[in-house]
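Undergrad: the following block contains a protein sequence and its predicted model.
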Amino acid sequence: MKISEMEREEYVLPGNTACHGCPSTICLRTVLKALKGRAILVIPACCTSVYMGPFPNSAIKVPVFNTAFASAAATASGIKASLEMQGDDTEVVVWAGDGGTYDIGLQALSGAAERGEDIIYICYNNEIYSNTGIQRSGATPFGAWTTTTWAGKTEHRKDVSEIMLAHGIPYVATASTGYLKDLYEKVKKAKEIKGFRYIEILAPCPPGWRFPMDKTVHMGKLAVESGMWILLESVNGRFRFTGVSRAIAEGKRKMRDLEEYLISQERFSHLSKKEIDEIRRYVQEKWSRLIKLEGEVDAAIAKFYV
Amino acid sequence: MNVRILTGNESAAYSAMKSMVRVVAAYPITPATPVVETVAKLVESGEMQAKMIRVESEHSAMAACIGASTAGSRTFTATSSHGLAYMHEMLHWATNARTPVVMAVANRAIGPGWNIWADLSDALSQRDTGWIQLYCSGNQEIYDTIAMAYRLAEDRKVLLPAMVCYDGFVLSHTAMPVEITDFEGFLEEYNPKWRLDADNPFTHGNILPPEPFAELRHNIQKAHDRALKIMKKIEDEFYEFTKRETPLIIEEYRTEDADIVIVTMGAIASEAKIAVNSLREKKVKAGLLRIKSFRPFPEKDVKNYLEGKRVYVFDRAISPGSGGQLFREIRSALAFSDVKSVVPRVVGIGGIDVTKRTIEKAIFERKIWIKEVVA
């Protein structure tokens, strides 16, 4: 697909109150284009609930229902059930941050995924609680400075996309603000599938990660190129690396040095060599686990289905 | 006439079905579990045309109900005790979002220690969430009140969520004959003024600055005020439709010539009626005022019925540090009236049985009153 073939209509309007260089607006714009504006958005407490603007204005041109922090997936389930009873097939899409997905909203998310609700859940993961001003979340990587981990986070992050894989839902994908065409195509693909679909986007946050605001897309690319963020997709259990991550997994492309990614953000500026090595170990372990998983899935498919 | 022997919980579930509920999201909790089970059975058998979401928590149950309601469906759920406490955040959400969700609440104590028995403190601690609160004292009344609650909640002059409360086990698990009325005609298919619609996009619930927020809260208070008037209308229409006199606001029993009036809510009121008759046999002119609608609180009616009386308020709940919640409401309603005295009594906490003897004993304990009223 060429960029010129993307939907021209805009659904996230200028004049919204997002920070300069906000990854969420860029990605939401892309997502709503891929859905051609035919969606009802459910948004829990997150940056988007602020930047859509105060009543009576709104910067989002599709129906939006704001809901409480912990209940995005449950609210969306209710909306979908109601639409189904009325014969309305509008797509219901959750747009939530990592706080509402990884932490306070995980129970509702897991419940909705297990019930196989016919909704798309999209998490824009900026690895912090950015709405309340840069506090640690379950998605914050080891070592990162936040206002609740002044000396750097002492634990590694968890990975909800892997948790979603374990739910056996028909579609799981990760994306990055660095590759919007990839995101666009993944949303379009998700739209064609029925059932619970989960997409997680890495959203580099300039004020939260402490990097210049013109570097959002660049940072989204660097995260993938350095192996810190992995692009993947699973359709009905068929698990694959995609894009740059696929090239890395197949050995066609070398990973960029992780340090290059880390030093370009002030949140990691205090890290010692030992701490950087710990992050490196974590990233390597994750890669080898996922490569093995892809191999096992392929072997299983070869064994049982061919 | 279609009469069936139903428990309070079954009455609630059947009423939801006959009220043309289209989405149910619920999570089991003792003693409300059989509502959830019965609805599931009715939906699976195709008798009830609704979608049931078997959510993973009460918080999600209420969230799903709010979502379904804003998307244009009549919604129902049921819970109790800890489940209701867990919903607390979403109860506020339902009110401010102006979603007419109706919920059955089988009243139960809140732990620890684990206590599954009747106690109104679960619902009364949700007093300030903006929900309409109706307390029933019989199973037919539960059946009727749920349909009436939809009429009230969905009235465009009201648009508020409503909880229909009944004492756990005392009513929830006790079977009584219940006349199963078809509510078609009394209720129409839910047809809201607005709903989430891709063809008509709007943003619901974004940031609300202080002035419009104060206006929103003011409008909710106004809606409660209007609800009291609309309740009277619904009572009349319901009588026309079913020939059953089911109160929504208050029930008065032999208060006119009474010297002493018992004021209470829920199942205790049924027992109090027997106590009134028994007291009258003992030459004590007693009466009963049952508060059905705790929110909105019918202050004017309370004043009218209790002016010049000796009032005994029985609470099956307590607000520690303040006393019985109903007692406080009654006393403040009577602040500038010439009521003789208002006496509180907290009874039946954690499911302790409240019988006519409990009530009679409490009244005879006030020897001054007995001297005054028994000539």
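TA: Ah, there it is.

Undergrad: residue closest to the middle of chain B?
TA: Taking Cα atoms, centre = their mean, the centroid of chain B lies closest to residue B:134, which sits 2.0 Å from it.

Undergrad: that one and residue B:293 touch, don't they?
TA: Yes - contact criterion Cβ atoms under 8 Å: residue B:134 and residue B:293 qualify, at 5.7 Å. Any C-beta I mention is one placed from the backbone N, CA and C, and that applies to glycine too.

Undergrad: secondary structure element for the residue nearest to the centre of chain B?
TA: strand B:132-135 (DSSP states H and E).

Undergrad: I'd like the average pLDDT over that strand.
TA: Averaging pLDDT along strand B:132-135 yields 98.

Undergrad: that older thread, who's the residue nearest to the centre of chain B bridged to?
TA: Residue B:134 has these beta-bridge partners by DSSP bridges: residue B:164, residue B:293.

Undergrad: for it, which residues are in contact?
TA: B:145, B:149, B:162-165, B:248, B:292-294 (Cβ atoms under 8 Å, 6 or more residues apart in numbering or on different chains).

Undergrad: now those in TSV, with neighbour count and pLDDT?
TA: Shown next, in TSV, are the contacts of residue B:134 (neighbours: other Cβ atoms under 10 Å in any protein chain shown; pLDDT from 0 to 100):
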residue	neighbour count	pLDDT
B:145	29	98
B:149	27	98
B:162	26	98
B:163	27	98
B:164	27	98
B:165	28	98
B:248	25	98
B:292	23	98
B:293	23	98
B:294	23	98
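
Undergrad: domain ranges for chain B?
TA: B:3-242, B:250-373 (automatic domain parsing).

Undergrad: deepest of those, which one?
TA: Neighbour counts (mean count of other Cβ atoms under 10 Å in any protein chain shown) averaged over each of the domains of chain B peak at domain B:3-242, with a mean of 21.

Undergrad: quick one: contacts for residue 195?
TA: Just going to use chain A. A:116-118, A:169-171.

Undergrad: if you could check chain B rather than the one you did, that'd help
TA: Residue B:195 neighbours (Cβ under 8 Å, 6+ apart): B:70-72.

Undergrad: over to residue A:50?
TA: Contacts of residue A:50 (Cβ under 8 Å, 6+ apart): A:17, A:131, B:207.

Undergrad: CA atoms of the helix or strand in which it is found as PDB?
TA: Using DSSP H and E, residue A:50 sits within helix A:47-51. Coordinates of each C-alpha in helix A:47-51 appear next as PDB, following Å, rounded to 0.1, in the frame of the first residue of the first chain:
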ATOM      1  CA  CYS A  47      -4.100  11.500  27.700                       C
ATOM      2  CA  THR A  48      -6.700  11.200  25.000                       C
ATOM      3  CA  SER A  49      -9.500  12.100  27.500                       C
ATOM      4  CA  VAL A  50      -7.700  15.400  28.000                       C
ATOM      5  CA  TYR A  51      -6.500  16.200  24.500                       C
END
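
Undergrad: the helix or strand just after it: how far from the chain's middle?
TA: Sequence-wise, the next helix or strand downstream of helix A:47-51 (DSSP H and E) is strand A:64-66. Put simply, strand A:64-66 sits 19 Å off its chain's centre (Cα atoms, centre = their mean, to the nearest Å).

Undergrad: kindly report the same for stretch B:244-252.
TA: Relative to the centre of its chain, stretch B:244-252 is centred 12 Å away, using Cα atoms, centre = their mean.

Undergrad: could you do stretch B:85-98 as well?
TA: 16 Å.

Undergrad: now stretch A:69-80
TA: 18 Å.

Undergrad: any idea how far residue B:274 is from chain A?
TA: As judged by Cβ to the nearest Cβ, to the nearest Å, residue B:274 and chain A stand 43 Å apart.

Undergrad: number of nearby residues for residue 243?
TA: If you meant another chain, say so; for now it's chain A. Neighbours of residue A:243 under the rule other Cβ atoms under 10 Å in any protein chain shown: 21.

Undergrad: if you could check chain B rather than the one you did, that'd help
TA: 9.

Undergrad: ok, it - contacts?
TA: With Cβ under 8 Å, 6+ apart, residue B:243 has no contacts at all.

Undergrad: low-confidence ranges in the chain?
TA: Answering for chain A, as no chain was given. Counting by pLDDT under 70, the ranges of chain A that qualify are A:304-306.

Undergrad: sorry, I should have been clearer: chain B.
TA: For chain B (pLDDT under 70), the answer is B:375.

Undergrad: switch the cut-off to 90
TA: Along chain B, the model assigns pLDDT under 90 to residues B:1, B:336-341, B:372-375.

Undergrad: and residue B:344, helix, strand or coil?
TA: Secondary structure assignment for residue B:344 (DSSP: H, G, I helix; E, B strand; the rest coil): strand.

Undergrad: verify the stated contact: residue B:338 with residue B:308.
TA: Yes - using Cβ under 8 Å, residue B:338 is in contact with residue B:308, at 5.8 Å.

Undergrad: which helix in chain B has the most residues?
TA: helix B:210-242 (DSSP state H).

Undergrad: any bit of that one sitting next to chain A?
TA: Yes - counting by Cβ under 8 Å from any Cβ of the partner chain, chain A has neighbours in helix B:210-242: residue B:212.

Undergrad: and that helix, what does it pack onto?
TA: If you count contacts as 3 or more Cβ pairs under 8 Å, 6 or more residues apart in numbering or on different chains; DSSP states H and E, helix B:210-242 packs onto helix B:81-96, helix B:139-154, strand B:293-295.

Undergrad: show residues contacting the last one.
TA: Right, the one you point to is strand B:293-295. Identification of contacts with strand B:293-295 by Cβ under 8 Å, 6+ apart yields B:124, B:127, B:130-135, B:224, B:228, B:231, B:248-250, B:265, B:326, B:329.

Undergrad: now the helices for chain A?
TA: Using DSSP H, helices in chain A cover A:23-34, A:47-51, A:72-85, A:98, A:106-114, A:160-166, A:180-192, A:206-209, A:216-225, A:243-249, A:258-263, A:273-305.

Undergrad: now do the buried residues in the longest one.
TA: Of the residues in helix A:273-305, those buried by neighbour count under the rule 16 or more other Cβ atoms under 10 Å in any protein chain shown are A:275-276, A:279-280, A:282-283, A:286-287, A:290, A:294, A:297.

Undergrad: doesn't residue A:208 make contact with residue A:266?
TA: No - here residue A:266 does not reach residue A:208: they are 10.3 Å apart, not a contact under Cβ under 8 Å.
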